[in-house]
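S.K.: What would the 3D arrangement of this be:
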Amino acid sequence: MRRIFAGLCGLVVSAALSVAVQTPAHAAGYDGICTGADALTGVTIVIDFQELNGNGGTPAPTVTRCSPNPTPGTQRTGIQALQDAGISVTGVAQWGLAFVCRLQGRPSAAESIPITSNPNYHEACVVTPPAAAYWSYWHATGAGTTWTYSSYGASNRNVVPGGFEGWSFSLNKTATSNPPPGVTPNNPAVNPNNPTVNLSVDDLDRKINLGQSTSLTWTSTNATSLAAFSVAPATGGGSWSGALAVPGGTKTITPTAKGTYTYTISATGTGGTVYNTATLTVQ
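M.R.: Below is the predicted model:
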C-alpha cells in the first residue's frame, strides 16, 4: 500500500516551516464513537500510534473520538473531520496538508523514530515523510468490522456520515503488513444495507488548466445503481450525466470554460439514496 497525498494544496509554502492547523472554533468533538444526533451525521476518528506508543518516553494511547458535522447534510473532507474532532494536524512545509506529518503532535521533532535504515531518524515535517515511517489513512462505513486503506488522501476524499476515519502509524512495514487501526470500526446506528458512495477528482490539487482533461473516480457499497446526478454550474464543466458503473469506475472530464465546478453522484440501494460531491477548479 503506497503513501498517499492528502490533496495537494494550491500553493507551496516555505520549506522552512511545517504547517500546523489549529482546531476551528466550531469543533465540538468528544471521546468515543459518535452517538445520539451525531450517530448518523458525524464520523468517528481513530488514531492508532502503533510503535510510536511510548517512544521517547511519551505514552500515546489510541484515540477514538467523534467528529460531529457542524452542518449536517454537507460534505466534509477527511482533513475537515480531523479538525472538527479537535485533533491537532500538522502538514509538511513543502506541501502543507497534502501530507499529514503529525497528529496530536506525534511524532515530535525531538523523538527518534527507529527506521531500519536510519535508527535515529527525526521527522522535521519539511518534505514528504519516508515510506518507512508515515501516517497511513483508512476508512470504514461503520456497518461492518474491517478497515479499507484509502487510495485518496484526506483532503481529496469526503467522509461517510456514520462511518469511521482511521489513522495508523506505519513503521518499517510493507504494502501487505501496513497495519490498520486497532479499533473495530462498527457503528451500531448504521443500517448495514445503507448505500455509500465516494467521488474524487484524480488531480490531487483538484485544479487543471482550461483545455486539459481530468478524471472523476467513484467507489460505492450496497448500491444497486449509480448515476452522475448533476454538475454545477450546469454548463462548462464537461459531460457528467447518466448511469455509472457499479460498484465503481472512472470517467474522463474535459471542461470547456474556466470556473469551479461541483460534480454530484447518487447511489441507490435497498437502504435508500445517498449523494456525494467532488469539486474541480479550471484555471
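S.K.: mind listing the strands for the stretch 101-250 of the chain?
M.R.: Counting by DSSP state E, counting those that start in this stretch, the stretch 101-250 of the chain has these strands, from start to end: 113-115, 118-121, 133-140, 148-149, 164-171, 196-201, 207-208, 214-221, 225-232, 242-244, 249-253.
S.K.: closest to Asp38 out of those?
M.R.: strand 164-171 (13.1 Å; C-beta to C-beta). C-beta: built from backbone N, CA, C; applies to glycine.
S.K.: on that earlier part again, tell me which of the strands of the stretch 101-250 of the chain approaches Thr35 most closely.
M.R.: Here strand 164-171 is closest among the strands of the stretch 101-250 of the chain (C-beta to C-beta), at 13.7 Å.
S.K.: pull the CA atoms of that closest one into PDB?
M.R.: Output of strand 164-171 as PDB, limited to C-alpha atoms (Å, rounded to 0.1, in the frame of the first residue of the first chain):
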ATOM      1  CA  PHE A 164     -15.000   5.800  10.600                       C
ATOM      2  CA  GLU A 165     -11.800   7.600   9.600                       C
ATOM      3  CA  GLY A 166      -8.600   5.800  10.700                       C
ATOM      4  CA  TRP A 167      -5.000   6.900  11.000                       C
ATOM      5  CA  SER A 168      -2.400   4.300  11.800                       C
ATOM      6  CA  PHE A 169       1.400   5.000  12.100                       C
ATOM      7  CA  SER A 170       3.300   2.700   9.800                       C
ATOM      8  CA  LEU A 171       6.900   1.900  10.800                       C
END
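S.K.: What angle do strand 133-140 and it make with each other?
M.R.: Relative orientation of strand 164-171 and strand 133-140, computed by axes from the mean of the first three to the mean of the last three C-alpha atoms, to 10 degrees: 150 degrees.
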